[in-house]
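> I would like to see how this sequence folds:
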Amino acid sequence: QVHLVESGGGLVQAGGSLRLSCAASGRTFGTYAMGWFRQAPGKEREFAAAISWNGGSTLYADSVKGRFTISRDNAKNTVYLQMNSLKPEDTAVYFCATSRNVYSNSNDYDYWGQGTQVTVSS
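Got it, this is the predicted structure:
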């Protein structure tokens, strides 16, 4: 079992930055990959970024590449999503999740957090 808690969401103006955190407890954090997904109102959940168990491999959706950076600190059992140059279309609930490897399909993720709201005003 893994328990995930996201934090760091909020309201920011377009062009601004936020850093999301996802704290994990339970199974050894350093043994699994982590991903960030997001879901806007009325839309399906979509992949944003993923990172391997040791941080050596990352994957980004085209929509966030160059603006978002995923990282992790296994000593703190935490994964981060640094979001820069935010746009109104980045508005969504952001979720972190665990996986066996770096995947972009949500079906490959097993444990999920409850999400944190990010709102970007124009």
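
> okay, CA-based contacts and neighbour counts for the rest of this
OK.

> for this structure, which segments count as strands?
Using DSSP state E, the strands found in the chain span residues 2-7, 10-13, 18-26, 33-39, 46-51, 58-60, 68-73, 78-83, 92-99, 109-112, 116-121.

> make TSV from those strands and add mean neighbour count to it.
Shown next, in TSV, are those (neighbours: other C-alpha atoms under 10 Å):
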stretch	mean neighbour count
strand 2-7	18
strand 10-13	15
strand 18-26	19
strand 33-39	25
strand 46-51	25
strand 58-60	19
strand 68-73	20
strand 78-83	21
strand 92-99	25
strand 109-112	16
strand 116-121	20
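
> got TSV for these, with mean pLDDT too?
As requested, the strands of the chain are exported to TSV (pLDDT from 0 to 100):
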stretch	mean pLDDT
strand 2-7	96
strand 10-13	98
strand 18-26	95
strand 33-39	98
strand 46-51	98
strand 58-60	98
strand 68-73	98
strand 78-83	98
strand 92-99	98
strand 109-112	96
strand 116-121	98
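
> what sits up against stretch 34-47?
The contact list for stretch 34-47 (C-alpha atoms under 8 Å, 6 or more residues apart in numbering) reads 48-53, 60-61, 79, 81, 91-99, 101-106.

> run the last query once more with 6 Å
48-51, 92-99, 104 (C-alpha atoms under 6 Å, 6 or more residues apart in numbering).

> same check on stretch 73-86?
Residues contacting stretch 73-86 (C-alpha under 6 Å, 6+ apart): 14-24, 29-30, 67-72.

> quick check, central residue of this structure?
Trp36 (2.5 Å; C-alpha atoms, centre = their mean).

> next one: that residue from Ser106, what distance?
10 Å (C-alpha to C-alpha, to the nearest Å).

> do me a favour and get the end-to-end distance for stretch 26-33?
End-to-end for stretch 26-33, by C-alpha to C-alpha: 14 Å.

> buried residues of it, list them for me.
Neighbour-count burial for stretch 26-33, counted by 16 or more other C-alpha atoms under 10 Å, picks out 29-30, 32-33.

> contacts for it, please.
1-2, 51-53, 74, 77, 98-101.
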